[in-house]
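Undergrad: return a 3D structure for these sequence lines:
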Amino acid sequence: MLDLDVYAQLGDLKETDYRNTLAIATIIELLIKNGMMTRREFARMASRLDHMTVEEIKILRAR
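TA: Below you'll find the model as predicted:
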């Protein structure tokens, strides 16, 4: 019975992850379409954030 609960929870997480990813992709596309950023700017920022520590990101948010 516990196994079924775990599998159900995993299924729910996959659905949530999919919906969050879809929402983020939609926002990115709208930003690009409306000229607020380019794909290159997005890629640069994503790479920069990927290489930052959690503390550096907190400082960046506080600005």
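
Undergrad: from here on, just use CA atoms for contacts and neighbour counts.
TA: OK.

Undergrad: next secondary structure element downstream of the host helix or strand of Ala43?
TA: According to DSSP states H and E, Ala43 maps onto helix 39-51. As assigned by DSSP H and E, the chain's next helix or strand after helix 39-51 is helix 54-62.

Undergrad: tell me what angle that following helix forms with helix 39-51.
TA: Here helix 54-62 runs at an angle of 130 degrees relative to helix 39-51 (axes from the mean of the first three to the mean of the last three C-alpha atoms, to 10 degrees).

Undergrad: who does helix 54-62 touch, helix- and strand-wise?
TA: Applying 3 or more C-alpha pairs under 8 Å, 6 or more residues apart in numbering; DSSP states H and E, we find helix 54-62 packed against no helix or strand.

Undergrad: run through the protein and note the low-pLDDT ranges.
TA: For the chain, applying pLDDT under 70 flags the ranges 1-2.

Undergrad: pull the longest helix from it.
TA: In the chain, taking DSSP state H as the definition, the longest helix is helix 2-33.

Undergrad: that one: which residues count as buried?
TA: Buried residues in helix 2-33, counted by 16 or more other C-alpha atoms under 10 Å: 28, 32.

Undergrad: circling back: would you mind writing the CA trace of the helix holding Ala43 as CSV?
TA: C-alpha atoms of helix 39-51 as CSV (Å, rounded to 0.1, in the frame of the first residue of the first chain):
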residue,chain,number,x,y,z
ARG,A,39,17.6,34.5,-26.3
ARG,A,40,21.3,35.3,-25.9
GLU,A,41,20.6,37.5,-22.9
PHE,A,42,18.5,34.7,-21.3
ALA,A,43,21.2,32.1,-22.0
ARG,A,44,23.9,34.3,-20.5
MET,A,45,21.8,35.0,-17.4
ALA,A,46,20.9,31.3,-17.0
SER,A,47,24.6,30.4,-17.2
ARG,A,48,25.5,33.1,-14.7
LEU,A,49,22.9,32.0,-12.2
ASP,A,50,23.8,28.3,-12.7
HIS,A,51,27.4,29.1,-11.6
